[in-house]
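Participant: coordinates only, no sequence provided:
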């Protein structure tokens, strides 16, 4: 799965999609990632994903909000 997602990320970066086209292209991968998180457990999945966060182009707002909430108490 990691190889498949990596190849998909490269393809998406090369095409420079935005807006609805980007969301449509990402939908199948969202389902794959969610299924993996459910299979391995969300906490373990988060630990593994954290190792690769430096490769993310954008951090989702809900994650940014959660971190801010944790830090400020």
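Facilitator: On my side now, so go ahead. What you are looking at is a predicted structure, and each value in this text was computed from that prediction instead of being measured.

Participant: any idea of the pLDDT on residue 23?
Facilitator: Looking at residue 23, its pLDDT stands at 78.

Participant: buried sites along the strand or helix carrying residue 34?
Facilitator: Per DSSP states H and E: residue 34 is located in helix 19-40. Buried residues in helix 19-40, defined by neighbour count with 16 or more other Cβ atoms under 10 Å: residue 37. Backbone N, C-alpha and C define where each C-beta goes, glycine included.

Participant: outside of that helix itself, list whatever touches it.
Facilitator: 1, 4-5, 8, 12, 15, 17, 45-46, 48 (Cβ atoms under 8 Å, 6 or more residues apart in numbering).

Participant: quick check: the two most widely separated of these?
Facilitator: Pairwise distances across the contacts of helix 19-40 (Cβ to Cβ) peak at 28.5 Å, for the pair 15 and 46.

Participant: that's all I had, so thanks and see you.
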